[in-house]
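Undergrad: Here is a sequence together with a model predicted from it:
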Amino acid sequence: MPKINGNEIRPGNTLEHENGLWVAVKVDHVKPGKGGAFAQVEMKNLRDGRKLNERFRSADKVERVRLEQKDQQFLYENDGMLVFMDTETYEQVELPADLLGDRRPFLQDGMTVVIEYHDVEALNVTVPQKVKCKVVETEPVVKGQTAANSFKPAILDNGVKVMVPPFVGQDEDIIVNTESMEYSERA
């Protein structure tokens, strides 16, 4: 595995640090008036979700880990375990549902997701950035209410609450951004 300097760490990089796998969430390059510059890195443990703030000077070397990404299709849920199928080899793998976190409701039958592996261990599941959902409950459309920033609450078919523009009515399909958990556009 390649070693990189502490000042080369970027958000999204996976690092091996203190006998664990960490993903860099936020990186700030600090140049104090006195002393050398350093990178203040906020990291999240890929196995247990712990967070850690660490300082890396440019002379510090860290192991950068490359994770293998595979497209896999979601099949079904069984006792808190999600079953995915590799689209090339047709092998099935079971992963805990909490691996998805708050993105879990957006997982739909037959959806293709990206699973990141370190050797044979699955560490992360990424759902598509935009997902089509149906509005099951919202306030009725009020004619003439066209204020630029007026949004109203809506409940989707997966139970998630989002804010939608006033023109979106009940039983309409919308596209939701799964990263920001916000309304994106009409479907």
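TA: Yep, that arrived.

Undergrad: Show me the chain divided up by domain.
TA: 3-65, 68-126, 130-186 (automatic domain parsing).

Undergrad: got the ones you listed as TSV, with mean pLDDT columns?
TA: Formatted as TSV, those follow (pLDDT from 0 to 100):
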stretch	mean pLDDT
domain 3-65	88
domain 68-126	88
domain 130-186	85
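
Undergrad: Would you format these as CSV with mean neighbour count included?
TA: Heads up, the C-betas are built off the backbone N, CA and C, glycines and all. Putting the domains of the chain into CSV (neighbours: other CB atoms under 10 Å) gives the following:
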stretch, mean neighbour count
domain 3-65, 14
domain 68-126, 14
domain 130-186, 14
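
Undergrad: Whichever strand or helix holds E16 pairs with which strands, and in what direction?
TA: Element membership for E16, per DSSP states H and E: strand 14-17. If you go by DSSP bridges, strand 14-17 pairs up with strand 20-30 (antiparallel), strand 61-65 (antiparallel).

Undergrad: gap between F38 and P2?
TA: 21 Å (CB to CB, to the nearest Å).

Undergrad: now do L75
TA: L75 is 36 Å from P2, by CB to CB.

Undergrad: P140 now?
TA: Counting by CB to CB, the gap from P140 to P2 is 58 Å.

Undergrad: try A39
TA: With CB to CB as the criterion, A39 and P2 are 17 Å apart.

Undergrad: Same check on N78?
TA: 39 Å.

Undergrad: Equivalent analysis for E8, please.
TA: From E8 to P2 the distance is 10 Å (CB to CB).

Undergrad: Q73 now?
TA: 32 Å.

Undergrad: R186 now?
TA: For R186 relative to P2 (CB to CB), the value is 45 Å.
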